[in-house]
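Chemist: need coordinates for the following:
(chains A and B)
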Amino acid sequence: MIDVKLLRQDPAGVRAALLRREDESLVAALDEVLQLDRRWRDLITETEQLKAARNAATEEVARRKRAKEPAEELLATLKASSERVKALDAEIRELEAPLHQALLRIPNLPHPDLPTGSAAANRVVRTWGTIPSFDFAPKPHWELGERLGILDLARGSKLSGSGFPVFVGAGARLVRSLANFMLDLHTREHGYLEVAPPFVVNRATLTGTGQLPKFEEDLYAMPRDDLFLIPTAEVPVTNLHRDEILDAEQLPRAFVAFTPCFRREAGAAGKDTRGLLRVHQFDKVELVRLTRPESSEADHQLLTGHAEAVLQRLELPYRVLELASGDTSFSAARTYDLEVWAVGVGTWLECSSASTFSDFQARRANIRYRPSAGAKPEFVHTLNASGVALARTIAALLENNQAADGSVRIPGALVPYVGTDRLLP
RNA sequence: GGCGUGGUGGCCGAGUGGUUUAAGGCAGCGGUCUUGAAAACCGCCAAGGGGGAAACUCCUUCGUGAGUUCGAAUCUCACCCAUGCCGCCA
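Modeler: Modelled structure (predicted):
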């Protein structure tokens, strides 16, 4: 949620910042908020003056009752003013719901340093590793996976529909190995606290991180219980401290969680959907940090580095993209995408997204900290990065490490986990 | 699913219609004392919002919502959450 006070102070500045998201409809949304807020403040001022008078009179009634003095004429006037207050309160409540809803649908302000424009304006920050070359035509991962007997897309479709891959044998073991490798790296070397959260969450939790109310269509829902499957571990983990006031010494908090992620991918049909490129369920190791505002930018760099370390140890060539203002997601202020090159499909695959949300999620989820003892609570900054998503990483691993005979080399960092250095057809 | 019990500030916890402007304690902050610390004692310590240049001032909040009343933490109704026992169950 953006800061309403900032919007009141500098509506033109906020409007200009939001327009960098390349969404013209935001002008009307902001105007609606400003108008509702103006009306709300007028009403609240009037009502509070009335209430102050009423409270004073009520106290006088109490005093007279105790002193056994008559209070009938006061009670009569109080009845009238009390009814007036009740009517005004009702009017205020009717304004607050739409005001709050409108605010929840306004995205975060993009960081001033972002390149302006749509995805075409995304900036390559750096690249790492060497793209492998072959003296044969490299196969896509779905062919390699079928041939190795580790990936069964057809039976996944039978069970649940397309986009629900089944990993079998060494494939299932590879999934487990990757999860353990990443969790070990982040807990032992990067200082993260491992969390095993629920995969099913309520509306308040999804509102806290920004998926609701605007993106309900993207979620798998269980209407009978009004619960949803998590699209990412970011949702339950960021919300761990929802409605809490943390001590300054508790920051930064650094969590790592391995969970499945469920995404309806509504409207994405047909685009890059083959094999493991875009699926409805995939596993992901997620990193989440809660920081003091002044250290969030440095933390963002650190966090991105932690995700990169995974790809480096897996020997996967990648590039880091800084997303342009129009390509940065709803809640984020700034995002670096990590894209791995996959030789079989011949494209960059997004395996991680490392974002800072400034105080946007903290404001929604009401996550605060006390800068020093006795000081006013302030909102923390929240950040997260995939560290990393498994499906596309497996696609790249299979494709980049394939041999002419269809076997696949396992990178050294994974060998202790997988128990072999090569998968054979 | 059935029958109970409960939800009060950062935490614990008292409070059944009007000096509750929420007792008391813990934690925290400041002070006295002390070579220093602890202890003891004294004081300060909820959040959100409105108005104001500021000093300050006002309003709201006792799980949530609705109701009764001049007035609700307290009474009524509904819901949510937690918890105990029973039932079912990996």
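
Chemist: where does chain A have low pLDDT?
Modeler: Judged by pLDDT under 70, chain A has its weakly predicted residues at A:267-271, A:374.

Chemist: tell me where chain A has helices.
Modeler: Listed from the start of the chain, chain A has helices (DSSP state H) covering A:4-9, A:11-19, A:25-66, A:72-104, A:141-148, A:153-160, A:170-184, A:203-209, A:234-238, A:296-313, A:360-365, A:390-400, A:415-418.

Chemist: summarise which helices and strands the longest one is packed against.
Modeler: Just to be clear, that refers to helix A:25-66. With contacts defined as 3 or more C-beta pairs under 8 Å, 6 or more residues apart in numbering; DSSP states H and E, the packing partners of helix A:25-66 are helix A:4-9, helix A:11-19, helix A:72-104. No exception for glycine: its C-beta is placed from N, CA and C like everyone else's.

Chemist: may I see the buried residues of the last one?
Modeler: Along helix A:72-104, these residues count as buried under the neighbour rule (16 or more other C-beta atoms under 10 Å): A:78, A:82, A:85, A:88, A:92, A:95, A:99, A:102-103.

Chemist: can you redo those as CSV with distance to residue A:380?
Modeler: Shown next, in CSV, are those (distance: C-beta to C-beta, whole Å):
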residue, distance to residue A:380
A:78, 45
A:82, 41
A:85, 37
A:88, 36
A:92, 30
A:95, 29
A:99, 24
A:102, 25
A:103, 19
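
Chemist: just those residues that are near RNA strand B?
Modeler: Checked against RNA strand B using C-beta under 7 Å from any atom of the strand, the buried residues of helix A:72-104 give the following subset in range: A:78, A:82.

Chemist: out of the buried residues of helix A:72-104, which is nearest to residue A:285?
Modeler: residue A:103 (32.6 Å; C-beta to C-beta).

Chemist: thought the closest one was touching residue A:6?
Modeler: No: in this structure, residue A:103 sits apart from residue A:6 without contact. The criterion is C-beta atoms under 8 Å, and the distance is 12.0 Å.

Chemist: circling back to that earlier point, for residue A:251, find the nearest of the helices and strands packed on helix A:25-66.
Modeler: For the helices and strands packed on helix A:25-66, distance to residue A:251 was read as C-beta to C-beta. The smallest value, 22.9 Å, belongs to helix A:4-9.

Chemist: list the buried residues for the closest one?
Modeler: For helix A:4-9, the neighbour count (16+ other C-beta under 10 Å) marks A:4, A:7 as buried.
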